[in-house]
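Engineer: need a 3D model of the sequence below.
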Amino acid sequence: MFCHSRHLLVVVIGLLLGGLVAQPVGAAPSYYVVDLGSLNPAAPGDSYASAINYWGQVVGRAGNGADATAFLWNGTTMVGLGTLAPDGAEWSWAKDINNAGQVVGNSGSRAFLWDGTAMTEILDLYSSPWNSGATAINDRGQIVGWTRGAPPYVATLWQNGVPQRLYPQNDSRAYGINNRGQVVGWTFDGAFLWDGTATLLPSSFPSVGHFAGDINDAGHIVGRLNIGIGLSDPLRHIAQLWDGVTAVPLGFFLAAGTEGDCCVIAINNRGEVVGADATGNGVFWDGTPHALSDLLDASAAGWTITAAADINDRGQIAATALGADGFYHAVRLDPTTLLFVDIKPGDAVNRINPKSKGKIPVAILSTPAFDAPARIDPIALTFGRTGDETSLAFCEGTPVDANGDGLADLVCHFYTEATGFQPGDLQGVMKAKTASGVAMAGSDAVSIVPQK
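Structural biologist: Numbering: from 1, shown residues only. You can find the predicted model right below:
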């Protein structure tokens, strides 16, 4: 066994599995830390991140035990989601958020869906309250979790509010769902994949059980494998990837979740994995495991990443960090190479006519850790359907706050005809370099005007 400098515990898988060790795919990214703040700045306390969507919105819980409150961080502010009426005194916890901003989780022992305005209860298989939990939601609005009944827990899928049992026997729970409607979870029989019918997943090593915690749109699954060292030994939950063909250990021990939960682990559509290891460190895996605290930018001094709950397709991570103030903070980790752009600021649709003779304004947004006007080299900017298009017309000389967050942004304009947009394109890509030569890239959604 070897450790990273911050004691990230890593299994020498070669000793266990005859040399099967995942190989690194390149230099690991570095990250800025974005503190998500507090529900009550006058009385700070602990907060914990659970999930992140493509747009960088984060959900989780603020507080502990009976005082915990589900929150949504909308990009600038942490907002409390409350609890299900009439039980205003019970705790709540937001577990997942989709790209439409819908949030699912638990309010006490009841599953909820928050639709942007109100929290509503999700009834269980038995059409009764108090007996359900929601763990994940996809972009189609399908929700998974569990219903408590007989047997004690039943893996459940909700479609249009209608619950469906996923596993035919034994105690079971569902933890993850992708945009194809494939579901993963756990039963007493082991980890399962549901794709219309339930199938047990293989194990990469003789074990006493395994959990599946998340699945991406390619059908790649992550979870944990329990090896028979001893129930009280933390070195017994091996992080595992099922790639659709084989089961592969990822090279680190996972911290076990709370009773009945899988673990803290997630995978994005780029195949990157994040989690929480058995020694209290957040982990990033891109072919080899890294302690996230070792990947922080110099501007993040004083933070220790203790858990990484989710990662989106931009590479942003929803994490929990111990701050210098002694509190746990829900944070977002932004790759230092990620550029935040807003195409046509103030336009929610970003309509573009590729035949236009005009120009497209694009704001390069600042963050608390990145001053765009000061850091970006305007001469190196390219923008269009691939990001390689030499389309720059000019950049405005005076920075402006383009998105209302109180930070000065850099606004540049690009010749529409030179961007190369085509019918069917869904995003515009910008590539840039900082004044010191660091390459960056970012994107925003576009809507191409139909051509006659």
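Engineer: residue ranges of the helices in the stretch 251-400 of the chain, please?
Structural biologist: 372-375 (DSSP state H, counting those that start in this stretch).
Engineer: no wait, the stretch 1-150 of the chain
Structural biologist: Counting by DSSP H, counting those that start in this stretch, the stretch 1-150 of the chain has helices at residues 13-17.
Engineer: okay, now residue 36: neighbour count?
Structural biologist: Taking other Cβ atoms under 10 Å as the criterion, the count of residues near residue 36 is 23. Every residue, glycine included, has its C-beta placed from N, CA and C.
Engineer: and if you look at residue 394?
Structural biologist: Burial of residue 394 is recorded as 11 neighbouring residues (other Cβ under 10 Å).
Engineer: my read: it touches residue 411, true?
Structural biologist: No - between residue 394 and residue 411 there is no contact under Cβ atoms under 8 Å: 10.0 Å.
Engineer: the residue lying closest to residue 255 once chain neighbours are set aside: neighbour count?
Structural biologist: Sequence neighbours aside, residue 276 is the residue nearest to residue 255 in space, at 4.6 Å (criterion: Cβ to Cβ, 6 or more residues apart in numbering). Using other Cβ under 10 Å, the number of residues around residue 276 comes to 26.
Engineer: and residue 276, what are its bridge partners?
Structural biologist: Listed by DSSP bridges, the beta-bridge partners for residue 276 are residue 282.
Engineer: contacting residues for it?
Structural biologist: Listed by Cβ atoms under 8 Å, 6 or more residues apart in numbering, the contact set of residue 276 reads 254, 255, 263, 264, 265, 282, 283, 306, 307, 308, 309.
Engineer: could you check how far the third one is from residue 123?
Structural biologist: If I follow you right, that is residue 263. Here the criterion is Cβ to Cβ, to the nearest Å. By it, residue 263 lies 28 Å from residue 123.
Engineer: those two: who's more crowded?
Structural biologist: A direct count of neighbours by other Cβ under 10 Å for residue 263 and residue 123 places residue 263 higher, at 22 against 18.
Engineer: in stretch 105-117, what counts as buried?
Structural biologist: The neighbour-count check on stretch 105-117 (16 or more other Cβ atoms under 10 Å) flags 105, 106, 107, 108, 110, 111, 112, 113, 114 as buried.
Engineer: so who does the second one touch?
Structural biologist: When contacts are counted by Cβ under 8 Å, 6+ apart, residue 106 is found next to 92, 93, 95, 112, 133, 134.
Engineer: the fifth one contacts residue 108, doesn't it?
Structural biologist: Looking back up the chat, that one is residue 133. No - applying Cβ under 8 Å, one finds residue 133 not in contact with residue 108, separated by 10.2 Å.
Engineer: follow-up on the earlier one: now pLDDT too, for the contacts of residue 276, in TSV please.
Structural biologist: Formatted as TSV, these follow (pLDDT from 0 to 100):
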residue	pLDDT
254	78
255	76
263	71
264	79
265	91
282	95
283	95
306	96
307	95
308	96
309	96
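Engineer: those in strands, which ones?
Structural biologist: Secondary structure from DSSP state E places 265, 282, 283, 306, 307, 308, 309 of the contacts of residue 276 in strands.
Engineer: the fifth one: neighbour count?
Structural biologist: In this case it means residue 307. 24.
Engineer: nearest residue to it in space, ignoring adjacent ones along the chain?
Structural biologist: residue 276 (3.7 Å).
Engineer: any figure for the gap between that neighbour and residue 393?
Structural biologist: Counting by Cβ to Cβ, the gap between residue 276 and residue 393 amounts to 47 Å.
Engineer: before we move on, which element is residue 202 in?
Structural biologist: Residue 202 is part of no helix or strand, with elements assigned from DSSP states H and E.
Engineer: next, count neighbours for it.
Structural biologist: Close neighbours of residue 202, defined as other Cβ under 10 Å, add up to 13.
Engineer: cool, residue 238 as well?
Structural biologist: 26.
Engineer: now do residue 449
Structural biologist: Burial of residue 449 is recorded as 14 neighbouring residues (other Cβ under 10 Å).
Engineer: tell me which of the buried residues of stretch 105-117 is nearest to residue 35?
Structural biologist: Using Cβ to Cβ, residue 105 is the member of the buried residues of stretch 105-117 that sits closest to residue 35, with 21.8 Å.
Engineer: hang on, the closest one packs against residue 70?
Structural biologist: Yes - with contact defined as Cβ under 8 Å, residue 105 counts as touching residue 70 (5.4 Å).
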